[in-house]
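> make a model of this:
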Amino acid sequence: MVINTNKQSLSQIPVRYVKGVGPARAEILKRLEIETVEDLLYHFPRRYEDRSKFNPISKVKAGEYETVKGEILTLGGHRTGKGKSIFKARVGDETGAIYAVWFNQSYMKNWLKAGDKIILYGKVERYKDIQITAPEFEVIKEEGDETIHTGRIVPIYPLTEGLSNRGLRSIMKNALDKYLGEVEEALPAEIRARHNLAELREAIGNMHFPGAEALRQAAYERIVFDEFFVLQLALALRKAKIKEAEDGVAHKVGGELSESFKALLPFKLTDAQKKAIEDTEKDMASPRPMNRLLEGDVGSGKTIVAAYALVLTVQNGHQGALMVPTEILARQHFNNLNGLLRPLGINIVLLTNAVIDEAREEANRMVEDGTANIIVGTHALIQEGVKFRDLGLAVIDEQHKFGVDQRSSLKEKGLNPDVLFMTATPIPRTLAMTLYGDLDLSILDQMPEGRIPPKAYWVGEERRQGIYKFIAQEVSAGRQAYIVYPVIEKKKDEGLPARGGSASGGKAATEMFAKFRDEVFPRFKVGLIHGRLDDTEKERVMSDFKAGKAQILVSTTVIEVGIDNPNVSVMLIENPERFGLSQLHQLRGRIGRGNQRSYCILLSETESEQAKKRLKALISTTSGFNIAEEDLQIRGPGEFFGIRQHGLPELRYANLVSDVKQLEAARKEAFNLVKGDPGLSGPGHSLLKAILKRKFAGRFEIKA
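Have a look, this model is predicted:
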């Protein structure tokens with residue numbers, strides 16, 4: 001948040017002009033994404049070492065990291081028999097003496113001289129004498145001089161080849177001395193006061209060279225608040241812009257078609273579904289475009305809410321589109337919606353890359369002339385040749401699997417259509433506030449009546465034969481089973497145990513399919529599905545499995561999203577340590593979709609502590625929301641989702657797990673500020689506007 005309006009902005013001054021950098025070091029710094037003075041000032045330490053406590057030399061202990069201060073008594077160097085140079089400085093205080101030793105650094109004699117006051121920091125070792133090898137050091141010219149490498153809380157920075165912490169600390173000190181005074185405060189004073197936040201200059205200085213831990217913590221809180229605040233401000237502006245638009249599709253709620261749809265449902269809606277439908281109706285009735293995220297656990301009934309919204313847009317004379325990430329899921333939605341909506345006279349068309357030639361031409365014609373009321377498809381929906389007559393609602397399922405441009409392309413097929421995003425990956429509240437702060441949120445946190453959640457078990461290799469017998473029993477009783485593997489086939493050099501130390505050796509789907517078919521389950525029909533099969537073959541395999549032509553399906557994660565077969569009662573996941581926690585939960589959600597008891601068995605001998613945490617979390621709860629929070633704790637926000645695909649910059653300093661209070665406070669302040677000043681045209685807000693336009697350039701539009 002560094003803006004200098006009096007002259008060239010610190011975001012425009014090349015870092016090479018900082019004392020100690022120059023063209024060569026500027027190229028090295030570029031590898032750390034440091035190209036300007038602002039980049040440098042915001043390159044904060046990854047940790048700190050407290051070198052502020054001096055020990056008398058006589059009290060230092062071998063094996064410990066110590067900081068000592070004394071006078072250089074003698075200097076000397078020699079070469080070993082192997083040609084290695086050794087340079088030593090004997091440093092003493094009133095209690096004793098210690099040697100500082102450097103190998104192959106004879107140039108040290110040009111930096112040090114007898115009589116210099118010096119501070120040393122490093123690991124104490126005892127050979128013939130007590131010594132510190134290759135210590136951090138700092139020569140004190142005058143008593144009271146400020147030090148940056150020793151004798152204080154010392155910053156330890158992220159580095160790259162060709163750059164040392166000592167060198168970067170010196171560069172940073174030069175930059176702060178010259179440019180810190182030019183940093184201007186963009187955060188309104190009343191917000192700083194309400195949250196007792198440090199001034200920005202003070203915070204930046206103390207992030208690099210804190211005088212005490214309390215000052216470092218206060219600096220961190222300010223920097224984190226700024227990062228959250230700017231992000232939430234952008235989201236608030238985007239949400240306000242959507243809400244202010246009045247050229248969307250205003251749907252009339254209530255009518256024979258939508259009421260007939262509700263009457264045809266063979267089950268009772270949950271209270272959560274009713275609330276989500278009410279929220280959706282309210283949004284769709286408004287002339288402003290709907291921009292809502294429907295978030296719910298696997299099997300919570302999101303499709304019914306989406307189907308109602310699609311019926312509502314058709315009832316109003318518009319078309320609806322449902323875009324999903326895979327061919328299998330598109331066909332499944334197409335079949336399910338046909339079963340629900342054909343009795344109402346609604347015409348549904350499937351449009352995927354597998355629909356070709358005459359069938360494709362016919363589908364495109366029906367979309368363009370309006371014969372198709374609802375169009376279900378994959379990325380094929382956003383191809384250039386697809387022209388909607390009147391798109392009133394776009395539903396995007398598993399929306400995090402699409403990029404920003406892809407989602408925008410579907411919206412652009414109509415004139416500001418309503419948009420309903422859906423995800424079956426429950427998102428922790430903090431991450432939702434960060435990624436989807438510009439969306440209205442509906443949460444389905446209830447399961448339909450009669451749904452029995454699957455039981456999860458974690459077992460070791462010694463239980464393998466017993467598991468096979470159990471699968472055979474379930475299949476003999478008329479049920480079906482999934483057996484899931486992390487890879488399609490082994491690489492040629494992969495003979496070692498799987499990542500995480502599994503004794504099952506990283507088995508693969510194709511290898512085990514043959515074994516199951518020929519040896520383990522010869523009296524049952526075993527199928528195989530994976531990502532390398534073409535869409536037609538995948539569809540055939542899944543159709544055969546659902547029809548009962550195969551009893552056991554060996555699979556990779558291609559079944560993770562949206563596959564619905566209520567007859568499956570067992571899922572065996574081999575090498576589950578190779579999957580993320582949320583991915584395991586998604587896989588588990590493919591079973592327990594009928595009214596019988598189902599079982600998810602994790603077969604792993606992992607020794608990885610992180611993997612053990614994931615497996616324990618999965619068997620301890622069936623709640624996707626609890627799973628998501630645990631997953632965020634284990635993996636951190638950077639890996640939970642690829643945040644860049646959402647069009648937002650990644651958080652560099654703030655932590656969504658530990659900095660929740662700062663996030664909530666920053667969000668509240670940002671939305672309140674935009675509510676009071678939607679154009680950021682008020683006094684003192686021009687710097688914020690400039691920061692937003694620069695920070696979000698090319699990510700999403702900011703028109704403040």
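> tally of neighbours for residue 192?
Neighbour count of residue 192, defined by other Cβ atoms under 10 Å: 16. In this view, the C-beta of every residue, glycine as well, is placed from N, C-alpha and C.
> so what's it up against?
Listed by Cβ atoms under 8 Å, 6 or more residues apart in numbering, the contact partners of residue 192 are residue 199.
> and it, what element?
Assessed by DSSP states H and E, residue 192 sits inside helix 189-194.
> quick check: next helix or strand after that helix?
The C-terminal neighbour of helix 189-194 among helices and strands, as given by DSSP H and E, is helix 200-208.
> can I get that following helix in PDB, CA atoms only?
Presented in PDB, the C-alpha positions along helix 200-208 are these (Å, rounded to 0.1, in the frame of the first residue of the first chain):
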ATOM      1  CA  LEU A 200       2.200   2.300   7.800                       C
ATOM      2  CA  ARG A 201       5.700   3.600   7.900                       C
ATOM      3  CA  GLU A 202       6.200   2.400  11.400                       C
ATOM      4  CA  ALA A 203       4.800  -1.000  10.500                       C
ATOM      5  CA  ILE A 204       7.000  -1.500   7.400                       C
ATOM      6  CA  GLY A 205      10.100  -0.500   9.400                       C
ATOM      7  CA  ASN A 206       9.300  -2.800  12.300                       C
ATOM      8  CA  MET A 207       8.500  -5.700  10.000                       C
ATOM      9  CA  HIS A 208      12.100  -5.600   8.800                       C
END
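> helix or strand right after it?
Counting by DSSP H and E, what follows helix 200-208 is helix 213-244.
> pLDDT weak spots in the stretch 301-450 of the chain?
In the predicted model, the stretch 301-450 of the chain carries pLDDT under 70 at residues 399-405, 407.
> make it 80
Scanning the stretch 301-450 of the chain for pLDDT under 80 picks out 398-408, 424-438, 448-450.
> which stretches in it count as helices?
302-315, 327-341, 357-369, 404-411, 429-435 (DSSP state H, counting those that start in this stretch).
> then the stretch 551-700 of the chain?
Using DSSP H, counting those that start in this stretch, helices in the stretch 551-700 of the chain cover 581-588, 609-620, 624-635, 637-640, 660-676, 686-695.
> what's the average pLDDT for the longest one?
Per-residue pLDDT values over helix 660-676 give a mean of 92.
> do stretch 147-163 as well
92.
> again, but for stretch 43-59
For stretch 43-59, the per-residue pLDDT averages 93.
> got the CA positions of that stretch in CSV?
Extracted as CSV, the C-alpha positions of stretch 43-59 are listed here (Å, rounded to 0.1, in the frame of the first residue of the first chain):
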residue,chain,number,x,y,z
HIS,A,43,9.5,-8.4,0.8
PHE,A,44,9.1,-9.2,4.5
PRO,A,45,11.2,-11.7,6.5
ARG,A,46,10.0,-15.3,6.7
ARG,A,47,11.2,-15.6,10.3
TYR,A,48,13.4,-13.8,12.9
GLU,A,49,16.3,-14.7,15.1
ASP,A,50,16.6,-13.1,18.5
ARG,A,51,20.3,-12.2,18.7
SER,A,52,19.7,-9.4,21.2
LYS,A,53,20.8,-11.2,24.4
PHE,A,54,24.5,-11.1,25.0
ASN,A,55,26.2,-13.8,27.0
PRO,A,56,29.6,-13.3,28.7
ILE,A,57,32.1,-15.3,26.7
SER,A,58,32.9,-17.4,29.8
LYS,A,59,29.2,-18.5,30.0
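> how distant is it from the center of its chain?
From the chain centre to the centre of stretch 43-59 is a distance of 34 Å (Cα atoms, centre = their mean, to the nearest Å).
> contact partners of it?
Contacts with stretch 43-59, where a contact means Cβ under 8 Å, 6+ apart, come from 32, 34, 65-70, 91-98, 119, 121, 136, 150-158, 172, 207-208, 210, 213, 216, 223, 653.
> among those residues, which ones are in helices?
Members of the contacts of stretch 43-59 lying in helices (criterion: DSSP state H): 172, 207, 208, 213, 216, 223.
> tally of neighbours for the first one?
To tie it back to what came earlier, the one meant is residue 172. A total of 22 residues lie near residue 172 under the criterion other Cβ under 10 Å.
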